[in-house]
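Enquirer: coordinates for the following, if possible.
(one chain, ligands or ions: 1)
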Amino acid sequence: MKANGMRIGLGHDRHRLVAGRPLVLGGLTIEFEMGLDGHSDADVLLHAVTDAILGAAGLGDIGEWFPNSDPQWANANSAIFLQKAVDEVRQRGWEIANLDCTVHAERPRLSPFKRAIASKIAELAGISDDRVNVKAKTGEKVGPVGRLEAIDADAIVLLVPSLRG
Ligand code: MG
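Expert: Numbers count the residues shown, from 1 in each chain. Reported below is the predicted structural model:
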């Protein structure tokens, strides 16, 4: 099937903040007193990005591709999920035009890491840095994010036909 037109995809994820886990966001480990709980490395941002990419190509969701009941994915590096999604959309003739995302975290303060996280996502997805944007918001001290119970992430991606054919 030849890709034509454009496809847009949306991703959202939430993981609980707990003691005794590393905080992995966008493929980077960030120094903090808590981390995200989950079956894999619980990288909430890469999960949202992966879902956006899968969604844009009409390929379902991350839970179908990488079930959290599968021991194969216990403590998995979520970069594997992202790279598999990128490979699948490339095989179908698509490339990522741009990717925008938001991390919702009361703490740690993420603004110093936004550029590094965007670069890491671009590297993992095999695209240039200027195609990835990362934003950070707090939870305004209310809700699960504001109470430091969770970190949320949203992502949106635009796919266009690959010039490589
Ligand atoms: Mg997840």
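
Enquirer: how far away is whatever residue of the chain ends up closest to the ion from residue 39?
Expert: In the chain, the residue that lies nearest the ion is residue 47 (3.5 Å; Cβ to the ion). All C-beta atoms are positioned from the backbone trio N, CA, C, and that covers glycine. According to Cβ to Cβ, to the nearest Å, residue 47 stands 11 Å off from residue 39.

Enquirer: comparing those two, which shows the higher neighbour count?
Expert: Neighbour count, other Cβ atoms under 10 Å: between residue 47 and residue 39, residue 47 has more, with 28 against 15.

Enquirer: what strand or helix carries residue 114?
Expert: Using DSSP states H and E, residue 114 maps to helix 114-125.

Enquirer: what stretches of this protein score poorly on pLDDT?
Expert: For the chain, applying pLDDT under 70 flags the ranges 1, 164-165.

Enquirer: mind listing the helices for it?
Expert: Under the criterion DSSP state H, the chain contains helices at 44-56, 62-65, 79-91, 114-125, 143-146.

Enquirer: which of those helices is buried the deepest?
Expert: Comparing those by mean neighbour count (mean count of other Cβ atoms under 10 Å), helix 44-56 comes out on top with a mean of 28.

Enquirer: what's the offset of that one from the middle of its chain?
Expert: 5 Å (Cα atoms, centre = their mean, to the nearest Å).

Enquirer: and the angle for it with helix 114-125?
Expert: 50 degrees (axes from the mean of the first three to the mean of the last three Cα atoms, to 10 degrees).

Enquirer: distance to residue 28 for the helices of the chain - can I get that in TSV?
Expert: Putting the helices of the chain into TSV (distance: least, Cβ to Cβ, whole Å) gives the following:
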stretch	distance to residue 28
helix 44-56	9
helix 62-65	19
helix 79-91	11
helix 114-125	5
helix 143-146	19
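
Enquirer: which residue is nearest the centroid of the chain?
Expert: Centre of the chain computed as the mean C-alpha position; nearest residue by Cα atoms, centre = their mean is residue 46, 2.1 Å away.

Enquirer: test my guess that that one contacts residue 83.
Expert: No: with contact defined as Cβ atoms under 8 Å, residue 46 and residue 83 do not form a contacting pair (9.8 Å).
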